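Novice: My questions concern the predicted model and sequence given below.
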Amino acid sequence: MPHLKIEYTANIDTQADMGTLCKALAGVLVALKDEQGQPVFPIGGTRVLAYPAPYHAVADGKQDYAFVYLNLRIAAGRNDAIKKVAGDALLARTKAHFESLFSTTLMGITVQIDEGVQVYDAKHSNLHPLFNK
């Protein structure tokens, strides 16, 4: 973990370049450092996925408004200050990504961070050894 899921209205799909945004946001997450200069999140556990919503109604649904929702799911254990830094950094990078689209399209962006103790947490991966050298 962290797992960042992006849901967005499909009406911006052709202009959004979501692949570039996913890579940029993964870069934001892996670059975060704590107060001791240590990585906040493991590189091998970082996931950023984007899903267009082909069916949507935003606000009153009378226009073709757009919406981008970022939900970062993290495991418990990080302090509130670093969670705010992470959220602010994700929002800033997302706003920058959509700057030109924002000037021509009525849209909203939301970033939320969920943290919790897992009831069940199983993993199977050969990615971590690549980055734990």
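Specialist: Thanks, I have the structure now.

Novice: wouldn't Met1 be in contact with Gly77 here?
Specialist: No: here Met1 lies out of contact with Gly77, judged by Cβ atoms under 8 Å, at a distance of 10.3 Å. Just so you know, the C-beta spots here come from the backbone N, C-alpha and C atoms, and that holds for glycine as well.

Novice: higher neighbour count, those two?
Specialist: Using other Cβ atoms under 10 Å as the criterion, Met1 and Gly77 rank with Met1 on top: 17 against 7.

Novice: got the contact list for the more buried one?
Specialist: Remark: with contacts taken as Cβ atoms under 8 Å, 6 or more residues apart in numbering, Met1 is in contact with 41-42, 45, 47, 73-75.

Novice: at 7 Å instead, please
Specialist: With contacts defined as Cβ atoms under 7 Å, 6 or more residues apart in numbering, Met1 is in contact with 45, 73-75.

Novice: where's the helix ranked longest in the chain relative to the chain centroid, distance-wise?
Specialist: Counting by DSSP state H, the longest helix found in the chain is helix 80-97. Centre-to-centre, helix 80-97 and its host chain are 9 Å apart (Cα atoms, centre = their mean, to the nearest Å).

Novice: before we move on, what about stretch 58-71?
Specialist: Stretch 58-71 has its average C-alpha position 17 Å from the chain's average C-alpha position, going by Cα atoms, centre = their mean.

Novice: Now stretch 92-107: buried residues?
Specialist: Residues 93-94, 97-98, 105, 107 are the ones in stretch 92-107 that count as buried (16 or more other Cβ atoms under 10 Å).

Novice: what is the rounded mean pLDDT of it?
Specialist: The predicted model assigns stretch 92-107 a mean pLDDT of 95.

Novice: So what would you say the end-to-end distance of that stretch is?
Specialist: By Cα to Cα, to the nearest Å, the extent of stretch 92-107 from end to end equals 15 Å.

Novice: Tell me which residues are up against the helix or strand bottoming out on mean pLDDT in the chain.
Specialist: Among the helices and strands of the chain, helix 128-131 carries the lowest confidence by mean pLDDT, DSSP states H and E, at a mean of 76. Among residues not part of helix 128-131, those counted as contacts by Cβ under 7 Å, 6+ apart are 42-44.
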